[in-house]
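Asker: mind folding the following:
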Amino acid sequence: MLINRKNWKVFVFCILFGSFLTLIMQKISPLRAASSDLDKTLQQMQILTEIFDYIQQNYVVEKSAKEIIQGAAHGMVRTLDPFSQYLEPESLKEMQSETEGQFGGLGIRIQMRNDWLTVMTPIPDTPAYRAGVLPGDIIVRIEGESTQGITLMDAIRKLRGEPGTQVKITIVHEGAKEPQEFTITREVIKIESVRGRLLEDRIGYVQITEFTASTDKDLTRNLQKLSQDGLNGLVLDLRNNPGGLLNSAVSVSKQFLGNNKLIVYTQGRKSSRVEYRSENKAPYEKLPMVILVNEGSASGSEIVAGALQDHHRALIVGATTYGKASVQSVIPLTDGSGLRLTTAKYYTPLGRAIQREEKTGKGGIVPDIPILVNRDVEVKLRQQQENVYGKDRTTQSVIKKEEQVKDEALLRAIEFLKANKILTPT
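Answerer: Residues are numbered from 1 along each chain as shown. Just a heads-up that it's a prediction; the model follows:
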């Protein structure tokens, strides 16, 4: 049922009154300046009321007030950054419960970038990872339907499903001339966050795939086992690690940084600086180490790499990281919906902003030793990391040894550790 103009004015007043009251209460400048700011805000808000009125009266099909207002909310938040979201009640509940239980999925972290569904990073040992999906890939269609302008939650609903079922996605790889179609079978996504093994010359290799609640404990167990075998150097592989829990990333950093060093801090326009520091002593603060990163290393990975780089504690090898290091607060709204809003950013100990700026492209952690890997080699390297049981019940790569490609970043890291060409901790 349409709202007539008289009721509409009352309706708009009710919507805006709370916002205006909050605005007035927050003003701390002189009364005249506050009044001027409020007048400007009222004039700008009038445009929204006019648009709402025209849609209600003249749009070709009837739209409810709820639909229009939710659309306006989505539009407002979309002007901010790729990580802020307006969450309708159903989406908010889904987000709050998505870590409970198991679900069938592809194993990718996604976001909206420039109005397109974009892959942040695929998670190792998942269907998308094995299929060759890469960080920065744009998913242009899901089951033949365009993803341009799709909401993040709608995209997640389309990509998830019963384990064993298939979903067809169309992807545009950076630099590719034609889109590529993938038909991927959904699986229950189980993440083994830490894997470790001993390489040549007693150099340890530890891969962290994601920062979960158990990562610090799993890392400790792996390092203790490697230490028993005579560990004298470490390669920490954070490639394609999309991040995860802040406290987990901080705890990992504490393994290698002592003396109450600053690990990371957050700072927002309205929030005060919050610092995260190491303990007085760290169990592996003298262990020579190199960290591997790439375009798929994001958030928690960038916190660890940035902290150890700023303190000259580790050499960073690979490609510039993704640049995702902002703090999102989820704010419940009165109708059961929610607002996921970026309220602060993460900074390295030396004050470098990790978050990538959309306009300038600046951000992320720039490696000390840059090594660029083309797409074909990247896919091959991923396949080489997948293991199967051999006849002797030992694990071996699914790719035959004679067909494997060199992992240049890992080889370079080993060379530096062998030659002890690493930075001296401060």
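Asker: show me the helices in the stretch 151-300 of the chain, by range?
Answerer: 152-159, 215-228, 246-254, 300-310 (DSSP state H, counting those that start in this stretch).
Asker: and the longest one, average pLDDT?
Answerer: For helix 215-228, mean pLDDT rounds to 95.
Asker: OK, contacts around Leu411?
Answerer: Applying CB atoms under 8 Å, 6 or more residues apart in numbering to Leu411 gives no contacts. Glycine gets a C-beta too; all of them are placed from N, C-alpha and C.
Asker: any idea how far Phe211 is from Ala314?
Answerer: 17 Å (CB to CB, to the nearest Å).
Asker: looking at the two, which is more packed in?
Answerer: The residue with more neighbours, out of Phe211 and Ala314, is Phe211; 29 against 25, by other CB atoms under 10 Å.
Asker: isn't the more buried one up against Ser248?
Answerer: Yes: using CB atoms under 8 Å, Phe211 is in contact with Ser248, at 3.8 Å.
Asker: please give the element, helix or strand, for Gly71.
Answerer: helix 65-78 (DSSP states H and E).
Asker: partners of Val317 in the sheet?
Answerer: Leu292, Ile369 (DSSP bridges).
Asker: Ile138 too?
Answerer: Residues in beta-bridge contact with Ile138 (DSSP bridges): Thr118, Val172.
Asker: which residues touch it?
Answerer: Trp116, Leu117, Thr118, Val119, Ile171, Val172.
Asker: for Gln85, state which of those residues is nearest.
Answerer: Distance to Gln85, by CB to CB, is smallest for Leu117 among these, at 13.5 Å.
Asker: burial of Leu372, as a residue count?
Answerer: Leu372, neighbours per other CB under 10 Å, totals 12.
Asker: next one, pLDDT for it please.
Answerer: 89.
Asker: from Lys254, how far out is it?
Answerer: Distance from Leu372 to Lys254, by CB to CB: 31 Å.
Asker: hmm, back to that, which residues sit against the helix holding Gly71?
Answerer: 3, 11, 15, 48, 52, 55-56, 84-86, 88, 112, 151, 337, 339, 341.
Asker: so of these, which ones are in strands?
Answerer: Gln85, Tyr86, Met112, Leu339, Leu341 (DSSP state E).
Asker: now the residues you listed in a markdown table, with distance to Gln180, pLDDT and neighbour count?
Answerer: Below are the ones in strands among the contacts of helix 65-78 laid out as a markdown table (distance: CB to CB, whole Å; pLDDT from 0 to 100; neighbours: other CB atoms under 10 Å):
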| residue | distance to Gln180 | pLDDT | neighbour count |
| --- | --- | --- | --- |
| Gln85 | 28 | 86 | 27 |
| Tyr86 | 32 | 89 | 22 |
| Met112 | 21 | 82 | 20 |
| Leu339 | 36 | 92 | 18 |
| Leu341 | 35 | 90 | 17 |
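Asker: can you tell me which of those is nearest Ile303?
Answerer: Leu341 (20.5 Å).
Asker: stretch 283-293 spans what distance, first to last residue?
Answerer: One end of stretch 283-293 sits 23 Å from the other (CA to CA, to the nearest Å).
Asker: can you tell me how far Ile365 is from Glu143?
Answerer: 36 Å.
Asker: of those two, who's got more company?
Answerer: Between Ile365 and Glu143, counted using other CB under 10 Å, the more crowded position is Ile365 (31 against 11).
Asker: who's in contact with that one?
Answerer: So Ile365 contacts Val293, Ser297, Glu302, Ala305, Gly306, Gln309, Ile316, Thr320, Thr321, Thr348, Ile354 (CB under 8 Å, 6+ apart).
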